[in-house]
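In: model the following, please.
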Amino acid sequence: EEEWTIDEETAKTTIKAESCACMLQIQANNQRGSAILWEKGEEDWSFVTAAHVVEDCDLVRLMPLSQEADIEAVVHRIEGVDLAFLQVDTNRLEECIVGLVEVSKGTEPIEHGKKIHAIGYDSSGEHSVYEGIVLEPWIYLEDFDNYMLLCECDAVPGMSGGAVFDETDFIEYLNTV
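Out: Below is the predicted model of the structure:
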């Protein structure tokens, strides 16, 4: 079985979306979350989400915007962080999803005090967007035993695994919806 790892530099990068069409809703057992298209490979695509969304799951369903068909994804959790990758066979994806774009991985960290927008799906499948502010761009939080971006922002159940956009990327997002 292939081992999935992520290095500290990759973990520190800011995920910036090129389009709102980078996100899908996840159905994992009895809960829902959000997932972002991370990488388009020739044989499969990788989505990224929060590991707690896919806890105790080896397979999850990704629900396309059309809601006409569900896509099965294999779960790969990253040990020690609340991060998981979902692997999907491209043959299945091409039947269901048109126009989905992977996120670009920025190298500049979001700064303290910057405005952000948290975007994801709520538990009923509707897009949710909340405005917030960065409290700490890279802080160790004992409760989670990890480093992370700390923001003050509302969120609702189902948004876990969704995106955090800075102000520039949020304007791009608004131009695509």
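In: check which helix or strand the closest residue to residue 140 other than its chain neighbours maps to.
Out: Using CB to CB, 6 or more residues apart in numbering and skipping the chain neighbours, the partner closest in space to residue 140 is residue 147 (5.2 Å). Every residue, glycine included, has its C-beta placed from N, CA and C. Following DSSP states H and E, one finds residue 147 within strand 146-153.
In: do the same with residue 136
Out: Element membership for residue 136, per DSSP H and E: strand 127-141.
In: contacts for that strand?
Out: In this structure, residues lying in contact with strand 127-141 by CB atoms under 8 Å, 6 or more residues apart in numbering are 12, 20, 109-122, 146-156, 158-159, 177.
In: what's the closest non-adjacent residue to residue 72?
Out: residue 59 is the one closest to residue 72 (CB to CB, 6+ apart), at 5.6 Å.
In: who are the neighbours in contact with the one you found?
Out: Applying CB under 8 Å, 6+ apart to residue 59 gives the contacts 72-75.
In: for stretch 42-53, buried residues please.
Out: If you call a residue buried by 16 or more other CB atoms under 10 Å, then stretch 42-53 has these buried ones: 44-51, 53.
In: now swap in stretch 119-126 and tell me
Out: By 16+ other CB under 10 Å, the buried positions in stretch 119-126 come out as 119-122.
In: and the buried residues of stretch 42-53, which two are the farthest apart?
Out: Pairwise distances across those (CB to CB) peak at 20.4 Å, for the pair 44 and 50.
In: about what we covered before: return the distance of the residue nearest to residue 140 relative to residue 39.
Out: Using CB to CB, to the nearest Å, residue 147 is found at 22 Å from residue 39.
In: likewise for residue 93?
Out: 12 Å.
In: for those two, indicate the residue with more neighbours.
Out: Set residue 93 next to residue 39 and count neighbours by other CB atoms under 10 Å: residue 93 wins out with 19 against 14.
In: check which helix or strand that one maps to.
Out: For residue 93, the host element (DSSP H and E) is helix 90-96.
In: OK, contacts around residue 31?
Out: When contacts are counted by CB under 8 Å, 6+ apart, residue 31 touches 53, 123, 157.
In: try 10 Å
Out: Contact analysis of residue 31 by CB atoms under 10 Å, 6 or more residues apart in numbering lists 52-55, 57, 60, 123, 157-158, 160.
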